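A.B. asks: no sequence on this one, just coordinates:
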């Protein structure tokens, strides 16, 4: 992911359309991979990714520095996928299968991964597939670095015990499958622009209304103060 500048953040916060599209486009592939990889289903992941991107348009005015967007997307992608727990993948549609239905050992590995407790599964996928370091993992999972490291350690131990000498081979297969989850660039920008067009206009209108109300309040306060001064001055004459 390319570096995010303070100028880009400032322009996006002001509602500049090109800046908003650029900022979202930087993060859309990551959100897509995380949502689809964590849920295990292309359909559920697609819905979760779009929800996160749409939600970000409503909160980006709160992002103060160049690290805020990535932190927000990491955390809220995980939060969103947690809400999809009832839509679990099965052995026919898990995105990690890669068409290897005949490989019983790998099938058991994927089944073991999906059977891990939620936070252990998140730690394993986000570290080994999305390549998050321990600090970013803790941000995404909303826990301490020690807790994140412990979830990863336990998950890794469980899967090593499951497949022993084949662990590295299965891990490589999962990493390869995960890398294919990035949406095509044109699809990303098309989706982002459509979302921006639909959501940024009400946001701009809302900000304009807030500004007008603030100005009206200031004018009213000024007029009230002037009127009170006239009353007091008249009573003293």
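C.D. replies: Cool, got the structure. The shown structure was predicted, so the numbers you read here are calculated from the model rather than taken from an experiment.

A.B. asks: state the number of residues packed around residue 128.
C.D. replies: Applying other CB atoms under 10 Å, we find 18 residues neighbouring residue 128. Bear in mind the C-beta positions are built from the backbone N, C-alpha and C, glycine included.

A.B. asks: no wait, residue 76
C.D. replies: Quick note: residue 76 (other CB under 10 Å) scores 20 neighbours.

A.B. asks: ok, residue 47 next?
C.D. replies: 16.

A.B. asks: quick one: pLDDT of it?
C.D. replies: The per-residue pLDDT reported for residue 47 equals 92.

A.B. asks: cool, and residue 171?
C.D. replies: pLDDT, read off for residue 171, is 94.

A.B. asks: residues in contact with it?
C.D. replies: residue 128 (CB atoms under 8 Å, 6 or more residues apart in numbering).

A.B. asks: from residue 55, how far off is the spatially most central residue of the chain?
C.D. replies: In the chain, the centroid-proximal residue (CA atoms, centre = their mean) is residue 73; its distance is 2.7 Å. Relative to residue 55, residue 73 is positioned 10 Å away (CB to CB, to the nearest Å).

A.B. asks: do the same with residue 141
C.D. replies: 18 Å.

A.B. asks: compare these two and say which is more crowded by neighbours.
C.D. replies: Taking other CB under 10 Å, residue 141 and residue 55 do not tie; residue 141 has more neighbours (23 against 16).

A.B. asks: in this structure the more buried one contacts residue 119, no?
C.D. replies: Yes - here residue 141 lies in contact with residue 119, judged by CB atoms under 8 Å, at a distance of 6.3 Å.

A.B. asks: for the protein, name the helix or strand with the lowest mean pLDDT.
C.D. replies: The weakest-scoring helix or strand in the chain, judged by mean pLDDT, DSSP states H and E, is helix 185-236 (a mean of 73).

A.B. asks: can you pull out the helices in this structure?
C.D. replies: Secondary structure of the chain (DSSP state H): helices at 6-13, 17-39, 42-59, 68-82, 104-114, 118-128, 134-141, 145-163, 167-179, 185-236.

A.B. asks: quick one: distance of the third one to the chain centre.
C.D. replies: Helix 42-59 sits 8 Å away from the centroid of its parent chain (CA atoms, centre = their mean, to the nearest Å).

A.B. asks: what do you get for the fifth one?
C.D. replies: For helix 104-114, the distance between its averaged C-alpha position and the chain's averaged C-alpha position is 27 Å (CA atoms, centre = their mean).

A.B. asks: one more: the first one?
C.D. replies: Relative to the centre of its chain, helix 6-13 is centred 18 Å away, using CA atoms, centre = their mean.

A.B. asks: the residue lying closest to residue 50 once chain neighbours are set aside and residue 179: what is the separation?
C.D. replies: Using CB to CB, 6 or more residues apart in numbering and skipping the chain neighbours, the partner closest in space to residue 50 is residue 191 (6.9 Å). From residue 191 across to residue 179, the span is 20 Å (CB to CB).
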